[in-house]
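**Student:** The following block contains a protein sequence and its predicted model.
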Amino acid sequence: MTFEVAFMLGLIAVALVVFSLEIFPIEVTAVGLLGVLLVTGTLTVEQAVSGFSNKAVITIAAMFVLSHALVKTGILEVAADRLSRQVGTRKWMGMCIFLGVAGILSGFLNNTAVVAVFIPLAISLCRRFHLSPSKALIPLSFASMAGGTLTLVGTSTNLIVSSVAEKAGQAPFGMLEFFPLGILLLGAGLIYVCLLARRLLPARSTPVSLAGNYHMGAYLTEVRVQEKSKLAGKSCLEVGMNRTYDITVLSILRDDEHVSQNIRNERLGVGDILIVRGTVDNIFRLRTELGLALLSDVKLNDRELAREGQIMAEGLVTRTSSLLGKTLKDSDFRQHYRAFVLAVRRHGEILRDKLAYIPLRFSDTLLMLASPDRLDELRRSEDLIIISEVDLHIRRGRLWWLVLALIPLMVLLAAVGTMEILKGAFLAVVLLLFLAILSPQETYRSIDWSVVVLIASLIPVGEAMIETGTAGYIADQILIVVSFFEGSDIAPYVGVALIYLVTCVLTQVVSNAATAVLMPPVALSLAAALGVDARPFLMATCFAASSAFLTPMGYQTNLMVYAPGNYRFLDFTRFGGPLSLLFWVMATLLIPRFWPF
């Protein structure tokens, strides 16, 4: 082992640990890794920035925009809802059709966008069929991952591996080259989740009450201002309602008037009813010291809040949200969105204290109290996906029909070889901008820049692995295992199985995009050492990088369903383990059939 190889292995090992522990945002770690290689002279400046002009990176950015434009029309929600309703009361038949539609769409659209649209639909479907959402949301994530393997544009990993292969002298992947194996894996995955989800996944969350799901019963109640109350004639700010008692007033009911703005400065009168949030101890302390009357010992639920002109809603923080990294206080959430956050669910943990000072992360779900019209504004802001309410109508904006035609036309032209996928995607985005179907600001926001920066930063790292001999060294270690089958026809099969296994393990703890950049050089080196065609090994990398079924952090869609389904870490491992094993066996046996050695 040379010094360069040892240095690269150590650097990559450190990066993988930092990736998995999320010490820094994943794209920051990737840029840092690139910076170290640049400072040490392992990469030149030209090599270090080459990823930002890579065809795969630009294509991925363009597909983010096109997926957003299609989702914006609302056609996906309407179509999926109508299809699932065709089965009447046959709930698992309806669920299978629903998951199948999500999987097929993920083959042509960004699967993060598909899951974002389908989460509210899945919860609505669970209400109709009296199912727990935890029975449906992991299957939705898994179906979208499997569906992403249907086409070249279905997932970023396919585009990345194709780009690496082309740069190494291999023929680029075709638009539908993945489809024969992809459809078999999707079919097997759908059969697995539809048969076993009801048995292996827990019924941990119920779609009946959001207040109950967040255990808010002891935190919301009504109090009335009495004649001798210290609050009469004063504002909440003057008596230090929040500062002294840690109580938040959500709204004020005064005869037929409903006050929900500038509450802190509103002077209160006798008979005013306050909807308050706080702990039981603080609420009783408030009653005793300020002379307020508790209207009942029964705490408010969703229906009672709706009668007061407010509704509870659950919003998921998106990857492109302007709220990321900000606290509710930083974003002035209550004034800006005219909604109040009651609780935050993060990876199964419910946060209720000091909410104003908690920096928000991707996949956090916020339990909010808002009026129905404000909920529509929240939905349009695109900072949150409103997952507790479904908006089922086609939004016929400017030239909306053209958006519906663009992606199918682009896929068709790329499939028949008339136009390269990058050219088609780029021209489609230009057309949307030129015709003012999308604004420049909307276009920028629709791109997940963290993914773009991550991939662009890691592509040169893959090149460094080849130039320093690191990829060859790793391939030699895999070859030691393969050598036990030397002279046998199954040696290449063992090689494909090991490449798939290593890629699959890595993608459980590291971004699938990062894995798709780091593993192709190893696959190419192993194929060269065995003296066989590299395509089967590259395909193994593609399919394995899209099988992050074992951990919630392995894939963005897993994180998106984590909180809404009220899952725990091991739910993914228990349900995803057998599916991972099934896909590994199928890929090992079938990849050489479709792509011979």
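**Tutor:** Nice, I can see it. All figures in this text were calculated on a predicted structure; none of them were measured in a lab.

**Student:** just checking, V270 touches A232?
**Tutor:** Yes - look at V270 against A232 with Cβ atoms under 8 Å: they come within range, at 5.3 Å. Heads up, the C-betas are built off the backbone N, CA and C, glycines and all.

**Student:** Between those two, which has more neighbouring residues?
**Tutor:** More neighbours surround A232 than the other of V270 and A232, with 17 against 13 (other Cβ atoms under 10 Å).

**Student:** Does the more buried one belong to a helix, a strand or coil?
**Tutor:** When classified by DSSP: H, G, I helix; E, B strand; the rest coil, A232 comes out as coil.

**Student:** picking that back up, which neighbours do V270 and A232 have in common?
**Tutor:** V225, Q226 (Cβ atoms under 8 Å, 6 or more residues apart in numbering).

**Student:** V430 and T149, how far apart?
**Tutor:** To T149, V430 is 29 Å away according to Cβ to Cβ, to the nearest Å.

**Student:** Can you check which helix is longest in this protein?
**Tutor:** Counting residues, the longest helix found in the chain (DSSP state H) is helix 569-594.

**Student:** Mind listing what's buried along that helix?
**Tutor:** Within helix 569-594, the residues that count as buried by 16 or more other Cβ atoms under 10 Å are 571-572, 575-576, 579-580, 582-584, 586-588, 590-592.

**Student:** In terms of secondary structure, what does the helix or strand harbouring S525 contact?
**Tutor:** Using DSSP states H and E, S525 sits within helix 512-530. With contacts taken as 3 or more Cβ pairs under 8 Å, 6 or more residues apart in numbering; DSSP states H and E, helix 512-530 sits against helix 156-167, helix 449-467, helix 470-482, helix 491-509, helix 535-545.

**Student:** count of residues packed around L399?
**Tutor:** There are 14 residues near L399, going by other Cβ under 10 Å.

**Student:** and it, what does it touch?
**Tutor:** L435, I437.

**Student:** Check the one 10 residues further on too.
**Tutor:** Going by Cβ under 8 Å, 6+ apart, L409 touches G424.

**Student:** Could I get the average pLDDT for the host helix or strand of it?
**Tutor:** Per DSSP H and E, L409 falls inside helix 400-415. Model confidence over helix 400-415 averages 81 on the pLDDT scale.

**Student:** ditto for stretch 341-359
**Tutor:** 76.

**Student:** before we move on, what about stretch 75-94?
**Tutor:** 69.

**Student:** And for stretch 431-440?
**Tutor:** 86.

**Student:** Ok, stretch 191-209 next?
**Tutor:** Across stretch 191-209, the average pLDDT comes to 77.

**Student:** Quickly list the domain ranges of the protein.
**Tutor:** 65-206, 218-299 (automatic domain parsing).

**Student:** Give me whichever of those domains is most buried.
**Tutor:** Compared across those, domain 65-206 shows the largest average neighbour count, a mean of 22 (mean count of other Cβ atoms under 10 Å).

**Student:** Quick one: distance of that one to the chain centre.
**Tutor:** Centroid separation for domain 65-206 versus its chain: 13 Å, with Cα atoms, centre = their mean, to the nearest Å.

**Student:** circling back to that earlier point, the longest helix of the chain to helix 491-509, inter-axis angle?
**Tutor:** Helix 569-594 runs at 150 degrees relative to helix 491-509, counting by axes from the mean of the first three to the mean of the last three Cα atoms, to 10 degrees.

**Student:** quick check: angle from helix 569-594 to helix 535-545?
**Tutor:** With the same axes, to 10 degrees defining the directions, helix 569-594 sits at 160 degrees from helix 535-545.

**Student:** Show the subsequent helix or strand relative to the helix-or-strand element of the chain with minimal mean pLDDT.
**Tutor:** The helix or strand of the chain with the poorest confidence is helix 302-307; it has a mean of 51 (mean pLDDT, DSSP states H and E). Later in the chain than helix 302-307, the nearest helix or strand by DSSP H and E is strand 311-317.

**Student:** I'd like the mean pLDDT over the helix or strand following that following strand, please.
**Tutor:** Next along the chain after strand 311-317, taking DSSP H and E as the criterion, comes helix 333-337. Helix 333-337 carries an average pLDDT of 78.

**Student:** for helix 333-337, which positions count as buried?
**Tutor:** Across helix 333-337, burial judged by 16+ other Cβ under 10 Å covers F333, R334, Y337.

**Student:** Quick one: low-confidence residue ranges for the stretch 451-597 of the chain.
**Tutor:** Where the stretch 451-597 of the chain drops to pLDDT under 70, the residues are 487.

**Student:** who wins for proximity to G94 among the helices and strands packed on helix 512-530?
**Tutor:** Of all the helices and strands packed on helix 512-530, helix 535-545 sits nearest to G94, with 28.6 Å by Cβ to Cβ.

**Student:** one step back: lowest mean pLDDT across the domains of the chain, which one is that?
**Tutor:** Note on the domains of the chain: domain 218-299 shows the lowest mean pLDDT, a mean of 78.

**Student:** Could you give the separation of that domain from the chain centroid?
**Tutor:** Worked out by Cα atoms, centre = their mean, domain 218-299 lies 39 Å from the chain centre.

**Student:** now stretch 557-574
**Tutor:** For stretch 557-574, the distance to the chain centre is 11 Å (Cα atoms, centre = their mean).

**Student:** So V101 sits against V78, correct?
**Tutor:** No - if you go by Cβ under 8 Å, V101 and V78 don't touch, sitting 11.6 Å apart.

**Student:** winner for burial among the helices and strands packed on helix 512-530?
**Tutor:** helix 535-545 (a mean of 28).

**Student:** For it, name the packing helices and strands.
**Tutor:** helix 156-167, helix 179-200, helix 491-509, helix 512-530, helix 569-594.

**Student:** Of these, which is nearest S251?
**Tutor:** helix 569-594 (36.7 Å).

**Student:** and that closest one with helix 179-200, angle?
**Tutor:** Going by the same axes, to 10 degrees, helix 569-594 makes 150 degrees with helix 179-200.

**Student:** May I have the phi/psi pair for the residue sitting furthest away from the middle of the chain?
**Tutor:** Distance from the C-alpha centroid of the chain peaks at K228, with 52.6 Å (Cα atoms, centre = their mean). When quoted as degrees, to the nearest 10, the phi and psi of K228 stand at phi -100, psi 20.

**Student:** quick one: contacts for G154?
**Tutor:** S106, G107, F108, N111, G147, G148, F178, G182.

**Student:** Contact partners for the first one?
**Tutor:** Going by Cβ under 8 Å, 6+ apart, S106 touches V114, A143, S144, M145, A146, G147, G148, L150, G154, T155.

**Student:** For the residue farthest from the centre of the chain, which non-adjacent residue is spatially closest?
**Tutor:** The shortest distance from K228 to any non-neighbouring residue, by Cβ to Cβ, 6 or more residues apart in numbering, is to G291 (5.4 Å).
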